[in-house]
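# Sharing a model that was predicted from the sequence below.
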Amino acid sequence: MKYLFSVCFLFSSFSFLAAQTQPAVIKKIEGGFKHPESVASDGRFYYVSNLGDVLDPMAKDGDGFIMKLNKFGEIMEMNAFPNIRLNSPKGMTVLNEVLFVTDVDSILGIDVRTRKQVWGMHIEGPKFLNDILARDENTLYVTATDVHQIYEIDLLSDSVRIISNEFTPMSPNGLGADLVSSFLFVVSYGTNKGPGEIGRLNLRTGEYEKVIEESGLFDGVFYSNGRYYVSDWGIDGKGRLFIYDIRKSGLREIKPEEGFFKGPADFFFDIPTKRIWLPCMLENAVYILNSK
């Protein structure tokens, strides 16, 4: 996830807005998806990464692909980049007409106009590169869920460095950043030692702290105007997408008609429309949701 947040106080109450929960599904898109993991947009079209036939984020099987949709959620192309080999593509972000996507142990930069790969980097060690965030025109952040690391990539020098430390959470997944402050927002999926958490990393000092006392199997995150948007696979298998409003100290869920999401992953928050594009890996579907 690739978004903004600011300094906040700690809160632990999450029940205040529960009664206000209402279904907010604008559209459920189905057909052709194969374990959709992430959604990104260049402002015109929406791109959905698909792991492929098998739900294995580390598989180098060559059957991954990226779909292209229009603003109405109509599928324009089943495989937007047919000449580029993808294994298990996951997190994506668009920067200057280049779609950056993580794929097992590599990061690819694809020009959405020419459909050609224009940049690439292999990172030795991890096999589960996950979310990716463009902080500015020269800097990317990437999580490696399997080795519990967060990387900073300098596009000017094609260099990479580890910015996570002993205090950052295990199995980091979704990322968000504030372009004004020096914080990187991190949500983690958790391990057999405990569930995931929601926190922030100070990019200047390296200090990490949990910002919301909520646990789960977290995947995506977005922050705007005092509200945290987080996707959670659910410890009990009942996935959810929730909004935590720091001004009202309460949590509200956005629910489908079925009552819960199955495998809600790396969503995209469309700022102009305030709509959320949520891929659900275990449903082979993408929801367009109203966040209001």
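Okay, I see it.

# Please make it C-alpha for all contacts and neighbour counts, starting now.
Fine.

# Next, count neighbours for the nearest residue to Ser38 once chain neighbours are set aside.
Here the nearest residue to Ser38 in space, its sequence neighbours aside, is Asp266; by CA to CA, 6 or more residues apart in numbering that works out to 4.6 Å. Using other CA atoms under 10 Å, Asp266 has 36 neighbouring residues.

# What does the pLDDT read for Asp266?
Predicted confidence (pLDDT) for Asp266: 98.

# just Ile107 next, same as before
At Ile107, the pLDDT value in this model is 98.

# can you pull the contacts of it?
By CA atoms under 8 Å, 6 or more residues apart in numbering, the contact set of Ile107 is Phe100, Val101, Gly120, Met121, His122.

# switch to 6 Å and redo it
Val101, Gly120, Met121 (CA atoms under 6 Å, 6 or more residues apart in numbering).

# And for Phe269?
Ile276.

# if I look at it, how far off is Gly125?
31 Å (CA to CA, to the nearest Å).

# Mind listing what's buried along stretch 130-139?
Asn130, Asp131, Ile132, Leu133, Ala134, Arg135 (16 or more other CA atoms under 10 Å).

# Among the residues you listed, which one lies nearest to Glu257?
Distance to Glu257, by CA to CA, is smallest for Asp131 among the buried residues of stretch 130-139, at 28.0 Å.

# any idea which helix or strand comes after the strand or helix carrying that closest one?
Per DSSP states H and E, Asp131 falls inside strand 129-136. Downstream of strand 129-136, the next assigned helix or strand under DSSP H and E is strand 139-144.

# re the thing from before, in its sheet, what does the strand holding Asp131 sit against?
Strand pairing for strand 129-136, using DSSP bridges, gives strand 139-144 (antiparallel).

# Skip ahead from the strand it pairs with and say which helix or strand is next.
strand 149-154.

# Show me what the nearest residue to Asp158 once chain neighbours are set aside is bridged to.
Spatial nearest neighbour of Asp158, chain neighbours left out: Met121 (7.8 Å); criterion: CA to CA, 6+ apart. Met121 forms beta bridges with Ile107, as assigned by DSSP bridges.

# and Met121, how many neighbours?
16.

# so what pLDDT did it get?
pLDDT, Met121: 98.

# Val160 falls within a strand, correct?
Yes - Val160: assigned to a strand according to DSSP: H, G, I helix; E, B strand; the rest coil.

# Quick check: it touching Ile150?
No - using CA atoms under 6 Å, Val160 makes no contact with Ile150, being 10.2 Å away.

# Compare those two (neighbour count), which wins?
Neighbours of Val160 and Ile150, each counted by other CA under 10 Å, are more numerous for Ile150; the result is 26 against 17.

# Spatially nearest residue to that one (excluding sequence neighbours)?
Using CA to CA, 6+ apart, the nearest residue to Ile150 is Thr143, at 4.5 Å.

# gap between that neighbour and Ile107?
Thr143 is 11 Å from Ile107, by CA to CA.

# Equivalent analysis for Asp154, please.
Distance of Asp154 to Ile107, computed by CA to CA: 13 Å.

# Lys34 too?
In terms of CA to CA, Lys34 sits 20 Å off from Ile107.

# ditto for Val180
26 Å.

# same question, Asp266
Distance from Asp266 to Ile107, by CA to CA: 17 Å.

# And for Glu124?
12 Å.

# before we move on, what about Met67?
For Met67 relative to Ile107 (CA to CA), the value is 18 Å.

# Same question for Gly250.
Distance from Gly250 to Ile107, by CA to CA: 37 Å.
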